[in-house]
Each structure stands twice: as structure tokens, then as C-alpha cells.
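K.L.:
After the sequence you'll find the predicted model.
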Amino acid sequence: MDEASDKAEAQLAALLGHLSLRLRIGTFQAAALHLLPPALTALRHRHPDADVSVVDVVSGRGADEISAGRLDLAIVASWGTPLAPPPQLRAHPLLLDPMVVVLPDDHPLATGQPPETELQLEQLRDASWVSILAGHAAREQFHDAAREAGFTPTVRFETESYDVAQALVGTGSAVALVSRLALTHTPGTTHRELARPRPHRQLYALTRTDASLTPLADKLIDLLRDVAGDITATWEAPREPVPADSPPEVTF
């Protein structure tokens, strides 16, 4: 009997040990590209035995995936309103991601004033817009911001992707409201910040309220906040003027 009990305890300890090193992460594209990689690199150096997996998950599915036991942590976003997860989940704020206007690089508002000039949304009341698809929280936020600015936007193109929105802006056909984190610097485009108070989205890490079986979740959240702090500092740093006689920047 004692031998069977010892074996069961050993198996349980092995299982708990495995769980303590496992971290199943879900995230959306912009966070997967810019927020998560530096944090995962740091986590790997600190915990080389960690069993980490990552899967693409749209923000609206993150809570369901954790509740169903398929994820331990999800990076999600809310547009303009605080996230209200169910009681069994906890939301950890990570990053305030401001919305910016993406313009064709020959647009009058891009060529007629310095890059650091902040725009009022009402200055684009007559523009054609690329917008996120109707029914998405980002679309509702955009229409609310336009309404507050005193106009109804003319939406010519709709997409579920900020990447596609910026590609369409690059054709010169429209402008778009895009999150700063999702900027791709597509050829033919430039961006301008909006005057405060500006629309934004808030990024969160979602976990179970009781995350005692996945201690790596809290460690990753600390690292994600460090990365978010660096990103915010970069955004808020003043732009250095480019001398008129500087050679054009070459990228490969």
C-alpha cells in the first residue's frame, strides 16, 4: 500500500513539475510581432527548460480559449473601454496603444507640415477611409471618434486587417486609423499622431484567476510589461530632425 501511495505521489509531483514549466500562449498578430518576442527571449534565457507554445488567437477568442483549458495566457485588446473578463479570469494591463492616422505620403496633410505635427480628426472629414469591418470594436471606436469630431466618415474599403488597410492607403486611395503597434511603414504611406485625447486600444494579458499551476505566466507578464515600457518610451521620444542635405536612407 505504501509503495502504491509513494508511486502515486511521485507521478503527481512529476505532473505538477511539468505543468509548472508549461505555458500555452495565444496572441494576435501585432503583439506576436512586436511585444511577445523580446519577452519570450528573456523567458527562455531565465527558464531554458520551459515548455512554451504560441498560437494565433483573435482578441475576442482569448477568454474562451483559457476557460476551455486550451491556453494558459492570452494577449488581447480592447478598444476604448476597460476589459471585463469573467470571474474565473484576470486581466493584467500591458500597453496603451494609441491610434494614428495613416496617410498616402503625398497627402497634403503629410507634405504641408512637419512630421511631428498632430492632426485633428476633423481635418480628414472629407477623406475616403479604409476601416475595420463593421461589427468590430475598432470600427465602433472609429465611428464614435468621427461623430465626436462632427462628421460621418466615408468608408470606401473595409477589412479585418490593419496590414491590408495600410496596403490600401499606399495606393493613394484612402486614409486609415491604425494602432501604433500595428504600423507596417508600407511604401507610399506615412503616419501622423492625433491630438489628445486620442483613440487608443488597451492590451492585456489574460490568465486564470488562480494561476498557481502555471507560475511561468506571472513571470512572462512581468517581462511583457518591461517590453511594453520600452515600446512606450520609444513612441514618446522626440523625433530628431533630418538635415536637409542628408542622403536618403537605404534599407535592405
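P.N.:
Cool, the structure landed. What you see is a predicted model, and the numbers here were worked out from it, not measured in a lab. Numbers count the residues shown, from 1 in each chain.
K.L.:
Residues contacting stretch 122-135, please?
P.N.:
Applying C-beta atoms under 8 Å, 6 or more residues apart in numbering, the set of residues contacting stretch 122-135 from outside is 101, 109, 138-139, 142, 146, 149-151, 153-160, 162, 164-165, 168-169, 173-177. The C-beta positions use only the backbone N, C-alpha and C, and glycine is treated the same way.
K.L.:
Among those, which are located in strands?
P.N.:
By the criterion of DSSP state E, membership of these in strands covers 101, 154-159, 175-177.
K.L.:
which among the residues you listed gets closest to Ala42?
P.N.:
Ranking the ones in strands among the contacts of stretch 122-135 by separation from Ala42, with C-beta to C-beta as the measure, puts Leu177 on top at 32.2 Å.
K.L.:
Can you name the residues that contact the closest one?
P.N.:
Taking C-beta under 8 Å, 6+ apart as the contact definition, Leu177 lies against 99-102, 129, 131, 142, 145, 199.
K.L.:
looking at those residues, which has the most residues close by?
P.N.:
Neighbour tally across those (other C-beta atoms under 10 Å): the maximum, 29 neighbours, falls on Val102.
K.L.:
my guess is that one contacts Arg180, does it?
P.N.:
No. Val102 is beyond contact range of Arg180, at 10.4 Å (criterion: C-beta atoms under 8 Å).
K.L.:
So which residues of the protein form helices?
P.N.:
Assigned by DSSP state H, the chain shows helices spanning 2-21, 29-34, 36-46, 62-67, 108-111, 137-148, 162-169, 215-236.
K.L.:
I would like the residues contacting the third one, please.
P.N.:
Under the criterion C-beta under 8 Å, 6+ apart, residues 25, 27, 50, 52, 54, 75, 216, 219-220, 223-224, 226-227, 230 lie in contact with helix 36-46.
K.L.:
Any of those residues buried? List them.
P.N.:
25, 27, 50, 52, 54, 75, 216, 219-220, 223-224, 227 (16 or more other C-beta atoms under 10 Å).
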